[in-house]
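Novice: A predicted structure for the sequence below; I have some questions about it.
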Amino acid sequence: MTGLTKQERINQLLAQDDTHWFVRWWIWMAGLVATVVVGYMAPTWLPFVLAISYFPYLCLEWRKTKLLLTFNDSRRYTRWVYMGFVFEWIGFVAILSLFAFYHAGVVSIQVLLALIVSLIVFSILTPRWLDRFILMFDDDHVTAKVLSKAKKQRNTEHKTSS
C-alpha cells in the first residue's frame, strides 16, 4: 500500500485529466475530420474509421490505468485494475472484428447492431461492477462515479470563482 488517501488519489486523477484535455480535443477533431473525409470518399469504410478513432481513447485509458496502479501495491488490486483495461481492449477488438465480419458479409446488419448494443451495455456495466468489487478490498479506490462528481465540483468551483 502506498498510503494515499482517497482525496489524494482524486487529486492525482484530476491532475492527469487536466494534462490530457488538449489531447482529448485533438483526438475528437481528428476523428471528426477522418469521419467526414472517409464518409464522403468511401462510405463503406466509415464504421472502421469510427471504431479506429476509439484507439486514442484506449491510449489515454492505459495512462489512467498506470496511474491507478501506483495507488495500491496489492497483487489483487493490480490484477483487477488491469482487468478493467483488458475488458476495454477486448471490446475494441470485438467491435473491429464485428465491422470486419459485416464488411465481409458474414453477419447481417441486424446481428451487427444487436452485438454492438450488447457490447455497449457490457462496456457500461463492467467498469461499475469492477469498481464495486475493488472497493471491497481497497476502501480508498476512486470509482468512476466519485471521479465524475469531483470533476463536476471542480468545474462549478472554477465557474463561481471566475
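Specialist: Okay, I see it.

Novice: pLDDT weak spots in this protein?
Specialist: Scanning the chain with the threshold set as pLDDT under 70 gives 1-2, 162.

Novice: which parts of it are helices?
Specialist: With DSSP state H as the criterion, the chain has helices at 6-41, 46-52, 55-69, 75-103, 109-135, 144-161.

Novice: with mean neighbour count added, can I get the ones you listed in JSON lines?
Specialist: (Glycine included, C-beta is placed from N, CA and C.) Formatted as JSON lines, the helices of the chain follow (neighbours: other C-beta atoms under 10 Å):
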{"stretch": "helix 6-41", "mean neighbour count": "13"}
{"stretch": "helix 46-52", "mean neighbour count": "17"}
{"stretch": "helix 55-69", "mean neighbour count": "15"}
{"stretch": "helix 75-103", "mean neighbour count": "16"}
{"stretch": "helix 109-135", "mean neighbour count": "13"}
{"stretch": "helix 144-161", "mean neighbour count": "12"}
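
Novice: chain center to stretch 120-130: distance?
Specialist: Between the centre of stretch 120-130 and the centre of its host chain there is 11 Å, according to C-alpha atoms, centre = their mean, to the nearest Å.

Novice: find the residue at the geometric middle of the chain.
Specialist: Geometric centre of the chain, nearest residue: Glu61, 5.4 Å, by C-alpha atoms, centre = their mean.

Novice: tell me who's in contact with it.
Specialist: By C-beta atoms under 8 Å, 6 or more residues apart in numbering, the residues touching Glu61 are 85, 88.
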